[in-house]
Every structure is written in structure tokens, then in C-alpha cells.
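Novice: okay, predicted coordinates and the sequence, questions at the end:
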Amino acid sequence: MKIAVFHNLPSGGAKRALYGTINYLINKGHSVEAYLPSTADEDFLPLNELVDEVHLYHVKSTMGGWLYSSFKYIPPFIKNISLRDLEAAQRDIAGNINNSDHDVVLCEQDQYTLSPFFLKYINKPTVYYCQQPTRDEAILTKLEKMVENQPNKIKEAIFNYSDNRDQKIDIQNAQYAKYIIANSYYSRESILKGYGLNSYVSYLGIDTTIFRNMNLPVEDHVLSVGTITPTKGYDFLIESLSLIKPESRPKLIIAANHSINEWKNYIVNLANKLGVNLEIMDMVDDEKLVELYNTSKLVLYAPYLEPFGLVPIESMGCGTPVIGVKEGGVRETVLENKTGVLVERDPQKFADAVTQTLNNKTKLHEMGKNSINEVERFWTLEHAGERIEKHLENAIKTQKSN
């Protein structure tokens, strides 16, 4: 197949997954070219290392675009970009792909709108990987709580307005997708609920040459990984750890690739108040991240309704069991009492699960071995690549038959 790839992603798990998928497709002999707006993050795992060619389209900043966005979409000063100008760039990208000889398009999401404007204009067979469906009200409530902790009521009003507009744009753009794949059954249900659209589950995978067991000495700390935002549940983890007796309470390390400063300050103050030893490591590279996975006793995972989450399977690939909150996509990756433990979002129950697991050295060792075996069985990049490859082929057949 000759495949065109579109994305406007930031750094993070979705970009890592895309990079691995493209690497798999190229190794299988497919031709891949990337079509990107200039706003896409290409510092983290740049695609020009892999693909035949990267076509970069500059997102202009025009007066007309700013005016139009202010009334039709979201005022540019809120997002630091004119969505109208972003849409114009994506329309040009789609037009050029439509006039090319590509067989199929793999479309990822947009960091500004989730479902990209690109979907409105592409005519080629296209598989839209909807990694992050439109957000649930529970997540919105948590985000609003973060804003309410700030004294600036103007900022709160701007946030609420922007968030409502974000959802409308996301839902409108998603309606143009003809073939959607989701990263979990939880995400599939969210897509149906949020967009009223069908989708197919295509699980992600990890690079086991990177996320692997290194037989390093385990240190007295537990780990959590991800952006420091209210939706990641770090406040819950701190509250839970504070319920463990001080003499057996492990240090918590958070490896973050991005932070909302207000929320970072909040959780640091919360940890100090509750007596939890917290260390935040910003922008750690893969080598350090894998070292942290390997030297941690456990990985703690408590995001609010995370659609999938690569962190649990990255941890499992390194042989480190996961203690997680039983909601969202993690219910489909962590096997209860085999590769980790899942509990309700209750601080005492979570604290008990951490304590009991740490105190059972035999169980901890067995779950570590099981985790590595489970990743090799189902969660590698090769497994994930095969799944997406079949969807790309099916999208071509589906469009030809219509």
C-alpha cells in the first residue's frame, strides 16, 4: 500500500504509538509519506527519521483568520492559534492527498480540536484513529475544579467557554469520518456516546526493545507517568499514599512530559501537607524513563477515565506490576492479580492494595514475570501494527464497494 499519514499531535503517547505504527508499516514494505501542519510536534520522535517524505504545511496567521475564529470558533488568544488558519492548512493538505496516488490515509488527531478539520476535506479511503474521544462530563468537572482553585474568575469563564466550543468543533469534525478505529472498547463506547458513530477496536502496542526488563536493583519508590494535569489523578495518589504508615510509605516519583503549573504547585503543596515524599521529574528521555520503570517497586495509575493509556503496558513490558483505578481502558490491559491490581477510586482501598502488594514479595515477583509474558503475547508493536494494517486494507475495500 501507498499510505499517507496526517497528524497534528503534541509529544506524548499518541505520537509514540504513531511512530511505532509507521515503523512497522515501512518494515512490512509499505510506502509511507507524512503530511503535517507546521503546528505538529516533530521534535519528539520525528517522522522524517522513518517516512519516504514529510510534506510540511505552514499554518499562517492572518487577520481574516483571527477575526473569523473569534466569532465562528474560539478567539485565537485563548489557544494562541487561529483555528480558521489551521483549517485552511488542513484543507490544503487534504486537497494534495486527494490529487495524489496514495491508496489510503491514516489520520491521527489534532492537539487543538481532537477530531481534525482534515476529515472534512479528505476524499481518499481514510482510517481515523480516535485516540481520545470527546471528553466525559466527569473529566470536565475535574478540569473545572482545577480552575476553581484559581482566584481569577475571568480565567475560569474563558476556560468554560473554550471548553464548550472545543467539544462542539470536535463533534462536528468527527461526523466526516467514514472509518474510525479506537484504542479500547471503553473508547469505542465513548465514541458511540459522544459522536453517535461506530468504530472498531485496534489496540496499541509498545516497543519491547525499549520498554524491557533490565534486571536493575529495585529502589524504595513507586512511579507514576504522564502530564501533570487534573485528569491524571496525582492528587488521588498522594492522598492514598498518605494513608500508609510513614515507616512503610514509599516515595512517589512522577515522570512528566508536560505540566500545568497551577496544578503542579497544587500537588507539591498537597504532598508536603500530607507528608508524602514526592519528586517530579520533567521531560525525562526514554532511557531514564525505562530505568525508572525498572527500579520502581510498583507503577501507580489513577487517571480519570483514561481511554487507553500506554503507561500500564510500558510498565508491564519492564516487568513492573501496576496498581490502578478500575475505570477506563486500563481494565483491558491489566490482568487482575496476574499483572497488577485494580481497585475502586477509594483512597483507603488503593492504599491497602499498595501495601498488601508490596508486602507480598512472592506475588510481586510473579506479577512481574507475568507482565513481561503478557506484553510479548499481545501488546508488542508488531501485534498493534498487524491490527492497524488490516484496518487500512479494509478501508480501501470498503470505499471501493460503496
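Specialist: Everything's here; your move.

Novice: what sits closest to residue 20 if chain neighbours are left out?
Specialist: Counting by Cβ to Cβ, 6 or more residues apart in numbering, residue 20 lies nearest to residue 381, which is 4.4 Å off, once chain neighbours are set aside. Backbone N, C-alpha and C define where each C-beta goes, glycine included.

Novice: I meant to write residue 339 there.
Specialist: Closest residue in space to residue 339, ignoring its immediate chain neighbours: residue 371 at 4.3 Å, by Cβ to Cβ, 6+ apart.

Novice: what comes up buried for whatever helix or strand that neighbour lives in?
Specialist: Here residue 371 sits within helix 361-378, counting by DSSP states H and E. Of the residues in helix 361-378, those buried by neighbour count under the rule 16 or more other Cβ atoms under 10 Å are 364, 367-368, 370-372, 374-375.

Novice: want to throw these into CSV with pLDDT?
Specialist: Below are these laid out as CSV (pLDDT from 0 to 100):
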residue, pLDDT
364, 94
367, 97
368, 96
370, 97
371, 98
372, 97
374, 97
375, 97
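
Novice: identify the farthest-apart pair in these.
Specialist: For those, the farthest-apart pair by Cβ to Cβ is 364 and 375; their separation is 17.2 Å.

Novice: is the nearest residue to residue 248 once chain neighbours are set aside in a helix, a strand, or coil?
Specialist: Among residues not flanking residue 248 along the chain, residue 355 sits closest, at 6.9 Å (Cβ to Cβ, 6+ apart). Secondary structure for residue 355, judged by DSSP: H, G, I helix; E, B strand; the rest coil, is helix.

Novice: how close does residue 355 sit to residue 341?
Specialist: 11 Å (Cβ to Cβ, to the nearest Å).

Novice: with neighbour numbers in mind, choose between those two.
Specialist: residue 341 (23 against 17; other Cβ atoms under 10 Å).

Novice: what's opposite the more buried one in the beta bridge?
Specialist: Applying DSSP bridges to residue 341 gives these bridge partners: residue 323.

Novice: how much space is there between it and residue 367?
Specialist: From residue 341 over to residue 367 the distance is 8 Å, taken as Cβ to Cβ.

Novice: and what of residue 172?
Specialist: 44 Å.

Novice: all the strands of the stretch 101-250 of the chain, in order from the start?
Specialist: Counting by DSSP state E, counting those that start in this stretch, the stretch 101-250 of the chain has these strands, from start to end: 104-110, 126-130, 180-182, 200-201, 221-225.

Novice: tell me the helices and strands packed up against the fourth one.
Specialist: The one in question is strand 200-201. Counting contacts by 3 or more Cβ pairs under 8 Å, 6 or more residues apart in numbering; DSSP states H and E, strand 200-201 packs against strand 180-182, helix 185-195.

Novice: wait, what's in contact with the nearest residue to residue 194 once chain neighbours are set aside?
Specialist: With Cβ to Cβ, 6+ apart as the criterion, residue 194 has its nearest non-adjacent residue at 3.7 Å, and that residue is residue 134. Contact analysis of residue 134 by Cβ atoms under 8 Å, 6 or more residues apart in numbering lists 114, 167, 170-171, 174, 190, 194-195.

Novice: are any of these buried, and if so which?
Specialist: Buried residues within those, defined by neighbour count using 16+ other Cβ under 10 Å: 114, 167, 170-171, 174, 190, 194-195.

Novice: can you list the buried residues in stretch 246-255?
Specialist: Within stretch 246-255, the residues scored as buried using 16+ other Cβ under 10 Å are 249-255.

Novice: could you save those residues as JSON lines and add columns showing pLDDT, secondary structure and distance to residue 79?
Specialist: Below are the buried residues of stretch 246-255 laid out as JSON lines (pLDDT from 0 to 100; DSSP: H, G, I helix; E, B strand; the rest coil; distance: Cβ to Cβ, whole Å):
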{"residue": "249", "pLDDT": "96", "secondary structure": "coil", "distance to residue 79": "41"}
{"residue": "250", "pLDDT": "96", "secondary structure": "coil", "distance to residue 79": "39"}
{"residue": "251", "pLDDT": "97", "secondary structure": "strand", "distance to residue 79": "37"}
{"residue": "252", "pLDDT": "98", "secondary structure": "strand", "distance to residue 79": "32"}
{"residue": "253", "pLDDT": "98", "secondary structure": "strand", "distance to residue 79": "32"}
{"residue": "254", "pLDDT": "97", "secondary structure": "strand", "distance to residue 79": "26"}
{"residue": "255", "pLDDT": "95", "secondary structure": "strand", "distance to residue 79": "27"}
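
Novice: which of the residues you listed sit farthest apart?
Specialist: Most distant of those, by Cβ to Cβ, are 249 and 255, 19.5 Å apart.

Novice: can you tell me how far the closest residue in space to residue 181 that isn't next to it in sequence is from residue 124?
Specialist: Using Cβ to Cβ, 6+ apart and skipping the chain neighbours, the partner closest in space to residue 181 is residue 202 (4.2 Å). Look at residue 202 and residue 124: by Cβ to Cβ, they are 19 Å apart.

Novice: backbone dihedrals for residue 333, both of them.
Specialist: As for residue 333, its main-chain torsions (degrees, to the nearest 10) stand at phi -120, psi -40.

Novice: thought it was touching residue 311?
Specialist: No - counting by Cβ atoms under 8 Å, residue 333 does not reach residue 311; the two are 9.4 Å apart.

Novice: tell me the contacts of the residue nearest to residue 181?
Specialist: 129, 181-183, 384, 387-388, 391.

Novice: this completes my enquiry, with thanks.
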